[in-house]
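# Quick one: sequence plus predicted model below, questions after.
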Amino acid sequence: VAKVIACTNQKGGVGKTTTSINLAAAFAAHHKKVLLIDLDPQGNATMGSGLNKNELEISMNDILLGEQPLEKIIYHSSGGFDLAPTNADLTMAEVQLLQLHQREQRLKLALKPIQDRYDIVLIDCPPSLNMLTLNALSAANSVLIPLQCEYYALEGLAALLETVDQIRQNINPALQIEGLVRTMHDNRNRLTQDVSKQLRAHFGSSLCRTVIPRNVRLAEAPSHGMSAIEYDRTSAGATAYLLLADELIKRQAARTASAAQATEGV
Ligand SMILES: Nc1ncnc2c1ncn2[C@@H]1O[C@H](COP(=O)(O)OP(=O)(O)OP(=O)(O)O)[C@@H](O)[C@H]1O
Ligand SMILES: [Mg+2]
């Protein structure tokens with residue numbers, strides 16, 4: 001069964017979509033079978049994976065409203081991962097979901113029939129803690145939180161972690177923190193170093209060691225409908241995301257091994 005990772009932060013422009021696309025491509029480069037779900041009506045992950053959001057006949061909107069099976073919208077991207085695309089129609093689902101039974105479970109239910117086909121499912125969330133994000137957090141095994149090392153980064157984080165706690169208590173008790181990822185990182189900046197220090201003190205091993213540098217290739221690649229890994233594999237941005245994927249895979253292996261050890265000890 002696939003591990004489902006929600007890439008989320010209600011703060012806008014912190015690198016959620018860049019992280020979702022490039023991690024999807026990086027996991028694929030590590031021979032993982034990956035599905036990227038675009039759960040943001042902006043459709044940035046869709047465009048950045050090489051699919052025109054304005055030409056979609058059916059999309060995540062139809063899936064969440066239960067009108068089509070998820071399998072029907074899957075697109076095989078040139079980056080080696082599968083994509084479940086989205087466009088502005090998804091704002092309709094966000095509103096209509098409020099009236100539906102099991103409204104925060106729609107994504108989880110839609111994923112069930114095809115989850116076995118993948119090693120990893122990544123969900124690119126919108127910049128808000130709305131019903132779409134709640135669907136992502138309900139379907140997920142873990143949350144990956146991209147953040148920029150600036151003063152306000154920590155402020156928004158408290159609200160996000162509180163939401164994760166509430167989801168744990170009410171809907172999804174097994175929800176874990178996959179990691180916090182520092183994006184658009186500039187090591188020469190003093191504030192960046194201070195915030196990094198605070199993050200390490202607060203979150204310890206949940207803070208990913210790999211940092212994503214500010215890199216122009218990461219910003220250029222989406223306009224070509226590609227991940228940076230496909231667009232310029234030797235760039236600093238592509239290299240960082242390949243390392244991040246490696247770090248996450250190794251951490252998962254270590255967790256699985258220690259869980260196995262714990263069971264043996266019983
Ligand atoms: N490491 C980076 N280096 C340079 N530019 C970056 C980097 N990461 C992201 N960007 C750029 O910053 C902008 C915001 O990034 P992105 O769209 O990934 O954020 P987001 O959190 O998904 O935004 P939103 O909240 O609107 O969904 C984009 O123009 C993107 O190309
Ligand atoms: Mg985005």
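Looks like it arrived, so ask away. What you see is a predicted model, and the numbers here were worked out from it, not measured in a lab. Ligands and ions are numbered 1, 2, ... in the order given.

# For the rest of this, base every contact and every neighbour count on C-alpha atoms.
Will do.

# those helices in this structure, which residues are they?
With helices called from DSSP state H, the chain shows them at 16-29, 44-48, 60-64, 90-96, 106-111, 131-139, 153-170, 190-203, 216-220, 228-231, 236-265.

# Is it possible to get JSON lines of the ones you listed that adds distance to ligand 1?
Formatted as JSON lines, the helices of the chain follow (distance: least, C-alpha to the nearest ligand atom, whole Å):
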{"stretch": "helix 16-29", "distance to ligand 1": "4"}
{"stretch": "helix 44-48", "distance to ligand 1": "7"}
{"stretch": "helix 60-64", "distance to ligand 1": "16"}
{"stretch": "helix 90-96", "distance to ligand 1": "14"}
{"stretch": "helix 106-111", "distance to ligand 1": "19"}
{"stretch": "helix 131-139", "distance to ligand 1": "12"}
{"stretch": "helix 153-170", "distance to ligand 1": "12"}
{"stretch": "helix 190-203", "distance to ligand 1": "14"}
{"stretch": "helix 216-220", "distance to ligand 1": "3"}
{"stretch": "helix 228-231", "distance to ligand 1": "10"}
{"stretch": "helix 236-265", "distance to ligand 1": "6"}
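
# would you list these in CSV and tack on mean neighbour count and mean pLDDT?
Formatted as CSV, these follow (neighbours: other C-alpha atoms under 10 Å; pLDDT from 0 to 100):
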stretch, mean neighbour count, mean pLDDT
helix 16-29, 26, 98
helix 44-48, 26, 98
helix 60-64, 24, 96
helix 90-96, 17, 91
helix 106-111, 20, 97
helix 131-139, 25, 96
helix 153-170, 14, 90
helix 190-203, 14, 90
helix 216-220, 17, 98
helix 228-231, 24, 98
helix 236-265, 15, 93
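
# Using a markdown table, please lay out the ones you listed together with distance to residue 181.
Shown next, in a markdown table, are these (distance: least, C-alpha to C-alpha, whole Å):
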| stretch | distance to residue 181 |
| --- | --- |
| helix 16-29 | 9 |
| helix 44-48 | 18 |
| helix 60-64 | 26 |
| helix 90-96 | 27 |
| helix 106-111 | 24 |
| helix 131-139 | 18 |
| helix 153-170 | 12 |
| helix 190-203 | 10 |
| helix 216-220 | 15 |
| helix 228-231 | 17 |
| helix 236-265 | 9 |
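
# how about those, which one is nearest residue 176?
With C-alpha to C-alpha as the criterion, residue 176 lies closest to helix 153-170 of the helices of the chain, at 8.5 Å.

# What is the closest one packed up against?
Applying 3 or more C-alpha pairs under 8 Å, 6 or more residues apart in numbering; DSSP states H and E, one finds that helix 153-170 contacts helix 131-139.
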